[in-house]
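1. Everything below, folded, please.
(2 chains)
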Protein chains: 2
Amino acid sequence: MLKKSLLQISKFVAPEIIFGQGALSQVGESAARLGIKKAFLVSDQGILGVGWVDRALDFLKDVGIGAVVWSDVSTNPKDSEVARGTEYYLANQCDGIVAVGGGSPIDVAKAIAILVTNGGQIKDYEGVNKITCPLPPMVIVATTAGAGSEVSQFSMIVERERQAKMSIISKSLVPDIAIVDPVILQTKGPRLTAATGVDALSHAIEAYVSLAATPLTDVHALAAIHLISENLRESVACKANLEAKSAMAMASLQAGLAFSNAILGATHAMTHQIDGLLDLHHGETNGILLPYVMEFNMISNGEKFAKIARSMGVQTEGLGKWKAAEKGICAVRKLFQDIGIPEKLAQVGMKEEDIPKLSANALKDTCMVTNPRDCCAEQIEALYRRAL
Amino acid sequence: MLKKSLLQISKFVAPEIIFGQGALSQVGESAARLGIKKAFLVSDQGILGVGWVDRALDFLKDVGIGAVVWSDVSTNPKDSEVARGTEYYLANQCDGIVAVGGGSPIDVAKAIAILVTNGGQIKDYEGVNKITCPLPPMVIVATTAGAGSEVSQFSMIVERERQAKMSIISKSLVPDIAIVDPVILQTKGPRLTAATGVDALSHAIEAYVSLAATPLTDVHALAAIHLISENLRESVACKANLEAKSAMAMASLQAGLAFSNAILGATHAMTHQIDGLLDLHHGETNGILLPYVMEFNMISNGEKFAKIARSMGVQTEGLGKWKAAEKGICAVRKLFQDIGIPEKLAQVGMKEEDIPKLSANALKDTCMVTNPRDCCAEQIEALYRRAL
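-> Residues are numbered from 1 along each chain as shown, chains lettered A, B, ... in the order given. Predicted structure coming up:
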């Protein structure tokens, strides 16, 4: 696989990354460096409540940057929220974006960035490379270890009318500067820590086996899988464990670099449909589906699935690649059980009658293009049913 | 070490990367995307002679971009060449830089980029972060698998008066777009292939054990070490071996990402002084010094040196970290012997009497700051002597 992927033309894009304890303090200097004078600061109520936005505003103020705060952002953010945020940005004559949040505020910030310079509605930009005008400067502070949106080319927005999550993918969506400060993760509860960690693992595994994977994305994907298998349990167990938080922040960042450039697969294609319909936590839904999709995809590349097992800490010596691959999937299941991820979609409210529509839409999702195993509607329906 | 480095604030910068067979064809579209209308194309006589510059000019012409060619560049390029190139750029009213070359033309291209917008002489920018004005847009096509300058924050220029190589280090020197096309490597002879491959390995190993290493630089460094240990011999042996060339191009790129962000160590600090004095191939000199410096540095971090051994393909099971570390150094020596790198500095013209001056200057080199083992002038002198 290495040699095959080296023989094709591939592209790799990453923002400038500032990582480490106390990195939030760099937000002012970073925004100033990009020429921002009046920042549109996107966040959500949870982040606001624990004081991180006030800290960011102080750092911006220290370098003379004013800001207006926009925090009307829900889980699985909606097109209408993007439209309202865009109006607010323009009404306040902002000249750059600072996001302080997890995947949802960051994705909204990126979508607003598109509309303020490109106009129209966010659904006009669904798909790959639909953005034509340059975006305003963006500094992104990640507050969860999961979404990886702080480094990615993706913004995921729900179109309410269709009840579907749109993938907007463009190099323009890679922020100028991504700030990752593990200290911020200490204010997250165990359920969010678990769900976001599972999201990061889904990114790493789907990017690693993606048809668009390259040696550059592979090194980040495998490093992320290893860090998550070693640290997610301890990160869920204890808010104060800064070493585990730091490792998870690094894992999420590396999984983000991997999937931003290698794209994803069937797990995400299937989860996006449930996100649009039921508004659950994206990470938990990924966690339910991932082992089933891995079982289905495994035959596409035994060697890579065996390497996933090794990165999950499985002793694979003396095992053939297929046996090793199976053990890797068991290790993923065990990790998810240990941190309390639900095992079945029925537990989170999905119904048998939803399956045909969800399957038809999943097949059309952008992430399906890079899934390593060809699949048809019946196979996707069977996967949803097994996970039900 | 992982945990320690995760607890500090670190920065990571990379250009947009276009990698693969035929990637040279992207040079026109890349320059156009950056708004270049009249390119200053920096190369050298060797590259010109085998036709790659003409190919690049055709791709630029296809998208309506004019170009003037500057190829007055030597190995270990000099401050005077930078000054002449700058005059030529300004006289021709160019608005962006395209380099097609190995480390020397790329470093000259970057140095010219500094002077055309910042003014002054290149020695004014020696050291870290001395550049204040933004540089013109830069598209870099790497033609050797070694220097890594296409992705790095470095430009290395010899100040003739002092006979010393200056390190100019700044985020501004990371090009906008780096293009790596392994096909170009097929026009290089075995000696250059060997010397540049050794340079790449020196980057990877010195970055991996650097005091400024981070988990992000480590994954690239280890991947590069592994690729080089598996592919450099075959790349040296046969021009037509495109798989080996592709692997070496990827290794050089990843070693570049690693050292650009983690900086280097004593090997480079010591080699830079010889580059300034004797004008040898930088890669060969690195190759002579690296094993001796590894022996000296080993006690700083047994675990990392043992991991180098594993990445070099050494079976380390059952060995303690120190024994494994020693075997890794043997593996580096064996690789260099197999590809015909000289073993002693006397073979390439260095004399005993040069040692005191070289040692004193090496201690002041920017790369010494991140060497993992503290060292004094006597120790550097002893290292030069052992390698003599």
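2. give me the number of residues near the closest residue to chain B within the stretch 201-350 of chain A?
-> Checking the stretch 201-350 of chain A residue by residue against chain B with C-beta to the nearest C-beta singles out A:S246 as nearest, at 4.0 Å. (C-beta placed from N, C-alpha, C; glycine too.) The burial count assigned to A:S246 is 28, neighbours taken as other C-beta atoms under 10 Å in any protein chain shown.
3. where's A:I380 relative to A:N361, distance?
-> From A:I380 over to A:N361 the distance is 10 Å, taken as C-beta to C-beta, to the nearest Å.
4. Actually, A:A255.
-> Between A:A255 and A:N361 the distance is 25 Å, computed by C-beta to C-beta.
5. So which elements touch the one helix or strand A:A244 maps to?
-> When secondary structure is defined using DSSP states H and E, the element that contains A:A244 is helix A:242-262. Contact analysis of helix A:242-262 by 3 or more C-beta pairs under 8 Å, 6 or more residues apart in numbering or on different chains; DSSP states H and E lists strand A:10-12, strand A:16-19, strand A:138-142, strand A:177-180, helix A:190-209, helix A:215-237, helix B:2-6, helix B:215-237 as its packing neighbours.
6. Tabulate the ones you listed in a markdown table, adding columns for mean pLDDT.
-> Listed next are those as a markdown table, based on pLDDT from 0 to 100:
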| stretch | mean pLDDT |
| --- | --- |
| strand A:10-12 | 94 |
| strand A:16-19 | 97 |
| strand A:138-142 | 98 |
| strand A:177-180 | 98 |
| helix A:190-209 | 97 |
| helix A:215-237 | 97 |
| helix B:2-6 | 47 |
| helix B:215-237 | 97 |
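7. does the residue nearest to the spatial centre of chain A count as helix, strand or coil?
-> The residue lying closest to the centre of chain A (C-alpha atoms, centre = their mean) is A:A147, at 2.8 Å. Under DSSP: H, G, I helix; E, B strand; the rest coil, the three-state class of A:A147 is coil.
8. now A:C375
-> coil.
9. Pull the number of nearby residues for the residue nearest to it when sequence neighbours are not counted.
-> The shortest distance from A:C375 to any residue other than its chain neighbours is 6.6 Å, reached at A:A266 (C-beta to C-beta, 6 or more residues apart in numbering or on different chains). Here the count is done by other C-beta under 10 Å, and A:A266 has 28 residues near it.
10. Roughly how far does A:A266 sit from A:I380?
-> With distances defined as C-beta to C-beta, the gap from A:A266 to A:I380 amounts to 7 Å.
11. Ok, A:F19 next?
-> Between A:F19 and A:I380 the distance, using C-beta to C-beta, works out to 37 Å.
12. Now A:L335: which helix or strand?
-> A:L335 belongs to helix A:321-338 when assigned by DSSP H and E.
13. counting contacts, what elements does that helix pack onto?
-> On a contact count with 3+ C-beta pairs under 8 Å, 6+ apart, helix A:321-338 meets helix A:190-209, helix A:215-237, helix A:282-297, helix A:302-311.
14. could I get the next helix-or-strand element following it in CSV with only the CA atoms?
-> Moving toward the C-terminus from helix A:321-338, the first helix or strand encountered (DSSP H and E) is helix A:355-364. Backbone C-alpha positions of helix A:355-364 (Å, rounded to 0.1, in the frame of the first residue of the first chain) are rendered in CSV as follows:
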residue,chain,number,x,y,z
ILE,A,355,-32.9,2.4,7.8
PRO,A,356,-33.9,2.6,4.1
LYS,A,357,-33.8,6.4,4.0
LEU,A,358,-30.6,6.6,6.1
SER,A,359,-28.9,4.0,3.8
ALA,A,360,-29.9,5.7,0.6
ASN,A,361,-28.5,9.0,1.9
ALA,A,362,-25.3,7.5,3.4
LEU,A,363,-24.5,6.0,-0.1
LYS,A,364,-24.5,9.6,-1.4
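15. same for helix A:355-364, what does it pack against?
-> Counting by 3+ C-beta pairs under 8 Å, 6+ apart, the packing neighbours recorded for helix A:355-364 are helix A:266-278, helix A:377-387.
16. where does the stretch 201-350 of chain A come near chain B, residue by residue?
-> If contacts are counted using C-beta under 8 Å from any C-beta of the partner chain, the residues of the stretch 201-350 of chain A sitting beside chain B are A:214-216, A:219-220, A:223, A:227, A:242-243, A:246-247, A:249-250, A:253-254.
17. same thing but 7 Å
-> Within the stretch 201-350 of chain A, the positions near chain B by C-beta under 7 Å from any C-beta of the partner chain are A:P215, A:V219, A:H220, A:A223, A:E243, A:S246, A:A247, A:M250.
18. Identify the farthest-apart pair in these.
-> Considering C-beta to C-beta, no two members of those lie farther apart than A:P215 and A:E243, which are separated by 29.2 Å.
19. Please identify the most buried of the helices and strands packed on helix A:321-338.
-> When these are scored by mean count of other C-beta atoms under 10 Å in any protein chain shown, the highest mean neighbour count falls to helix A:190-209 (a mean of 27).
20. out of everything not next to it in sequence, what's closest to A:L289?
-> The shortest distance from A:L289 to any residue that is not its chain neighbour, by C-beta to C-beta, 6+ apart, is 5.0 Å, and that residue is A:T267.
21. any low-confidence regions in chain A?
-> Screening chain A residue by residue with the criterion pLDDT under 70, one finds the ranges A:1-7.
22. Mind doing that once more with 50?
-> Within chain A, the ranges that satisfy pLDDT under 50 run A:1-4.
23. Show me it divided up by domain.
-> A:15-184, A:189-387 (automatic domain parsing).
24. check whether the shortest one contacts chain B.
-> Yes. Where contact is defined by C-beta under 7 Å from any C-beta, part of domain A:15-184 touches chain B, namely A:E16, A:I17, A:I18, A:F19, A:G20, A:Q21, A:G22, A:A23.
25. Straight-line length of that domain, end to end?
-> Using C-alpha to C-alpha, to the nearest Å, the end-to-end distance of domain A:15-184 comes to 20 Å.
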